[in-house]
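Enquirer: Here is a sequence together with a model predicted from it:
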Amino acid sequence: MEQLTQKKKVTIMIALMAAMFFAAINQTIVSTAMPRIIAILGGIEYYTWVITIYMLTSTIATVLVGKLSDIYGRKPFLLSGIVLFIIGAFLCGTSTTIFQLITYRGIQGLGGGILMSATVTAVGDLFAPRERAKWTGIMMAIFGFSSVIGPTLGGFMVDHIAWKWIFWIFLPLGLVAFGMIWSMFPKTVRKTTESIDYLGSLFLSLTIISLLLGFSWAGTKYDWDSFEIIGLLGAAVVFLIILLLVERKAKSPVLPLGMFKNSIVTISNSIGFLMNAGMMGAMMYLPFFVQGVLGISPTTSGFVNMPMSIAMIILSTLSGRWISKSGKYKRFALAGMPFMVVGMLMMAFMTNVGVAVAAMIVFGIGLGISMPVFTLTVQNAVAPSELGVATATATLFRNLGGTIGIAVMGTVMNSTLTSKLAEAVKAGEGPDLSKVDPATAEKLTSFLNPQMLLDQPKLKELHATLPEQIQPLFTHIIEMVRSVLSDSLTVVFLFGMALLIVAFVLVFFLKEIPLRSSNDMKAKASVEQTDTLKKEPALN
């Protein structure tokens, strides 16, 4: 499609951006409203499944569609992704039970995974890597924009109108995106010589399901050393071994193993994995500090995250243009990663909202500069015939990084909280409960729970209902728990910073191929070019 006129390409990009925004805004708008929806439907014990099922189906769809779209072209998957997403979103709004919502979110996840994978890959079809950088930055900015307005809009809507409209309000945009893709996106000829790797697809799916479920439930639903978690992770290893054996002999593998012999692909995916793990630490645990340690409301807490998204929008757009202009990308990765490291370091030692906002801005700057780079490096390093599967693989590694990062950081958080709380009590930092009656002492001891800090109205209500002579002891306990939570979050953020430092070190080993100005090349030539790079020094 590179031979299309610039006007036609821009028109198609508008359609792709509409599709991207449709999928992204429907995800972010639901995030803040979901607790209220669960409260209405009931079944809070199944709450994690609402999130997990979307993650599972979207990740599997992303990876499988990558290879299939290389065979059948992007257009069928762009259209089917929109249709599935619309159906899933509409059905979500009709849910009357938690189990219906979980099922319909699974359908929505299939559509979202297909749509996000095909959209990003279609940009690669339209533009050569050098010009692609500019458009990749814009697409990342659209995703960032949705993360700015989505949560705020979702919170407002769930407070003022029926919750089903959160799923339905942007459905007309989906229909518009469908019409634009249908009429504007050109058809491509199917590669009849390629066959579908059904066996590889099965074991790839089983590997992803076992791995994601294992890390999603570890430390929360089940202990790390429980039979369930060990079984799931063990199954993931077995399925992975079978997958590798199958892919070695497959005629047209869903996950070409030869692609990982390319150091650029391997290192870029490793960096993406670590970067997403660190990013999720910032996104997931900053609210714990703002709400739990500082005692600020959830609404205000949401605004603290906003500067990161705004900084990311601006910098991802600019960095895309800068990369496109220079034709080089490594310098931007080297420039962006230190900002993320410094931002995480600031989070580790923040003491007030001002420092938290500044930390998010610094982190967002680094994220914006770095984010467009690593998908682009993978796309630039492989043959055009592998563009879809390479893009999908990069997305898979980022998703796994986020999931595993959340699980590991959660374990770090919980273990640190437990040990530091025990140390604080042993050191006598809490109030002397020996002067009160045993029943009151037992009641006050039950308040040694950091989770209480996240529900400010309930905390104030408890304080008001206690006898006046007990209130100072309660305040003392809460202040001690706040101090323990703050110290524990410092450990979590330092752990995230360590992951980002490893990612930054890997950037130095990333070989740089000047971005191509054309996609018009044979797959073999591309492979030969990347092979010869292994014998050449890295460009900085």
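Expert: Structure received.
Enquirer: Name the residues of the helix or strand where F374 lies that come out as buried.
Expert: Using DSSP states H and E, the element containing F374 is helix 353-381. Burial within helix 353-381, assessed by neighbour count using 16 or more other Cβ atoms under 10 Å, is assigned to 353, 356-381. Where C-beta positions appear, they are placed from N, C-alpha and C, glycine not excepted.
Enquirer: Also stretch 16-30?
Expert: For stretch 16-30, a neighbour-count test (16+ other Cβ under 10 Å) marks 16-30 as buried.
Enquirer: Likewise for stretch 255-272?
Expert: By neighbour count on 16+ other Cβ under 10 Å, the buried set for stretch 255-272 is 255-256, 259, 262-272.
Enquirer: Next, the residues that contact that stretch from outside, please.
Expert: 63, 67, 200, 204, 243-244, 247-248, 333, 374-375, 377-378, 380-382, 386, 389-390, 393-394, 397-398, 401, 503, 506-507, 509-511, 513, 530, 533-534 (Cβ atoms under 8 Å, 6 or more residues apart in numbering).
Enquirer: can I get the CA coordinates of that stretch in CSV?
Expert: These are the backbone C-alpha positions of stretch 255-272, laid out as CSV (Å, rounded to 0.1, in the frame of the first residue of the first chain):
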residue,chain,number,x,y,z
LEU,A,255,5.3,-17.6,16.0
PRO,A,256,8.4,-17.8,13.7
LEU,A,257,11.3,-18.8,15.9
GLY,A,258,13.8,-17.5,13.4
MET,A,259,12.6,-14.0,14.2
PHE,A,260,14.2,-14.2,17.6
LYS,A,261,17.6,-14.9,16.2
ASN,A,262,17.5,-11.3,15.2
SER,A,263,19.1,-9.4,18.2
ILE,A,264,17.1,-6.3,17.4
VAL,A,265,13.8,-8.1,17.8
THR,A,266,14.9,-10.0,21.0
ILE,A,267,16.4,-6.9,22.7
SER,A,268,13.5,-4.6,21.7
ASN,A,269,10.9,-7.1,23.1
SER,A,270,12.9,-7.5,26.3
ILE,A,271,13.0,-3.8,26.8
GLY,A,272,9.3,-3.5,26.1
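Enquirer: Near M284, how many other residues are there?
Expert: By other Cβ atoms under 10 Å, the residues close to M284 number 17.
Enquirer: Am I right that it is in contact with I406?
Expert: Yes - using Cβ atoms under 8 Å as the test, M284 is close enough to I406 to be in contact (6.0 Å).
Enquirer: in the helix or strand harbouring H476, what's buried?
Expert: The secondary structure element spanning H476 is helix 471-507 (assigned by DSSP H and E). Within helix 471-507, the residues that count as buried by 16+ other Cβ under 10 Å are 473-474, 477-478, 480-482, 484-497, 499-501, 503-504, 506-507.
Enquirer: Give me the number of neighbouring residues for the closest residue to L387 other than its chain neighbours.
Expert: Spatial nearest neighbour of L387, chain neighbours left out: G124 (4.9 Å); criterion: Cβ to Cβ, 6 or more residues apart in numbering. By the criterion of other Cβ under 10 Å, G124 has 27 neighbours.
Enquirer: So which residues make contact with the helix or strand hosting F239?
Expert: For F239, the enclosing helix or strand under DSSP H and E is helix 227-249. With Cβ under 8 Å, 6+ apart as the contact definition, helix 227-249 has outside contacts at 197, 199-200, 203-204, 206-207, 210-211, 213-215, 217-218, 221-223, 253-257.
Enquirer: does W182 really touch L78, like I thought?
Expert: No - in this structure, W182 sits apart from L78 without contact. The criterion is Cβ under 8 Å, and the distance is 9.1 Å.
Enquirer: out of the two, which sits in the busier spot?
Expert: More crowded of W182 and L78, by other Cβ under 10 Å: L78, with 28 against 13.
Enquirer: Distance of the more buried one relative to E512?
Expert: Here L78 is placed at a distance of 31 Å from E512 (Cβ to Cβ, to the nearest Å).
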